[in-house]
Structures are given as C-alpha cells and as structure tokens.
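Enquirer: 3D model of this:
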Amino acid sequence: MEASHSQDDSRTSQSSNGGTPRDLTSTIHLSELRSVKVEPHLEEIFSLLSSEERTIVGALPKESAMFIVVAGPEKGARFLLDGDELVIGRDSQSDIYLDDATVSRKHARIQRTIAGFHIEDLGSLNGTYVNSRSITTARLLVGDEVHIGKFRLTYFTGKGNS
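Expert: Predicted coordinates for the structure are as follows:
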C-alpha cells in the first residue's frame, strides 16, 4: 500500500526519537534583510577624499562638523554643520537642502549637544540610516555614513575627531 502525502506532510519530519513531528519550514522577512557593509577604518575613509577635501576637513574648528556627499545626485557637495540645530530636507528652506523626491520635505534634524552631533529622523517616508542601519536618533561619529534618500553623506568633525 502506497502512502500519500499532503503538501503539509512534506514539510514535517519525525523527530529522532519517533515522537512528535517537527516543522522544517521557517519564515524569512525579506524586508528585514539588507546588506550591511563592514565599516571602514578612518584611514580608509580619509584616503577616499580628494586632497582639497582632506585639507578642508583638517582645517575644521574643533566644535564644527561637516557632511561630504560621497554618493548621490550632488556627489562632492559639502555641508558645514555650524548651527546648534539644522534641518535636512527637500524643502528649499532647509538648512541642508537635498533636492530629490526620495528625500522628505523635513527629513531629519541634526542637533549639537555637549556629547557631539546627533541626527534624528523626523518621520520621513524613506527613513534615515546611519551605517546602513535604520535609526530614529543616533550620535554621529567620524566616518559615519548617513543615508537619506539617494544621498550618502559621510560625517567629519574638526580636530578631536568625536
């Protein structure tokens, strides 16, 4: 006599002791998968800058910071973080204006605190990422890559590198 298996039966296997069948399937949520690159060392990050960019970053005052766009529509653009609070967005009145439909009008906020600069997502549609991780808020460190829409901005500080 031949045994017939239903579709559900093909996904189970008897446990090694002959007891209760165990499920051999698992669920993968593809939306939670993303490529996370290995974070480069500071020397590698600085080596990717042009000599002009290295000079500019080296001349930043200790309390200042800068974003350099490393990928996206405005590759090579530099944004000095010289205020206590700056808004990044597609709105032309934004402190850091990123003109692309993948950027929300008021996408993120940069705040200067005693501990350094922090970034906060302002409920943007596409989210804000630091080093390929979705964030609500995060403290920025030298070499961090901030991804907003199609833009990838690398964070640098003045002397002190924090």
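
Enquirer: what about dumping the CA coordinates of stretch 68-77 to CSV?
Expert: Written as CSV, here are the backbone C-alpha positions of stretch 68-77 (Å, rounded to 0.1, in the frame of the first residue of the first chain):
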residue,chain,number,x,y,z
ILE,A,68,30.6,65.4,2.4
VAL,A,69,28.3,63.7,-0.1
VAL,A,70,30.0,60.6,-1.3
ALA,A,71,27.2,59.2,-3.5
GLY,A,72,24.0,60.6,-4.9
PRO,A,73,22.9,63.5,-7.2
GLU,A,74,25.3,66.0,-5.5
LYS,A,75,28.4,63.9,-5.1
GLY,A,76,31.2,66.0,-3.7
ALA,A,77,29.0,68.6,-2.1
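
Enquirer: centre of the chain versus that stretch, how much separation?
Expert: 15 Å (C-alpha atoms, centre = their mean, to the nearest Å).

Enquirer: again, but for stretch 42-61
Expert: Using C-alpha atoms, centre = their mean, the offset of stretch 42-61 from its chain centre is 21 Å.

Enquirer: Now do it, average pLDDT.
Expert: For stretch 42-61, the mean per-residue pLDDT is 82.

Enquirer: now what about that stretch, what contacts it?
Expert: M66, I68, V70, R78, V142, G143, T154, F156, T157, G158, K159, N161 (C-beta atoms under 8 Å, 6 or more residues apart in numbering). All C-beta spots, glycine's among them, are computed from the backbone N, C-alpha and C.

Enquirer: what about the longest helix in this structure?
Expert: In the chain, with assignment by DSSP state H, the single longest helix is helix 51-58.

Enquirer: partners of the helix or strand following it in the sheet?
Expert: Going down the chain from helix 51-58, the next helix or strand is strand 65-71, by DSSP states H and E. Strand 65-71 sits in its sheet next to strand 78-81 (antiparallel), strand 151-157 (antiparallel), going by DSSP bridges.

Enquirer: Deepest-packed of the ones you listed, please.
Expert: strand 151-157 (a mean of 23; mean count of other C-beta atoms under 10 Å).

Enquirer: Nearest spatial neighbour of P73, chain-adjacent residues omitted?
Expert: D100 (5.6 Å; C-beta to C-beta, 6 or more residues apart in numbering).

Enquirer: host element of the one you found?
Expert: Using DSSP H and E, D100 falls outside every helix and strand.

Enquirer: Contact partners for it?
Expert: Counting by C-beta under 8 Å, 6+ apart, D100 has contacts G72, P73, R90, G149, K150, F151.
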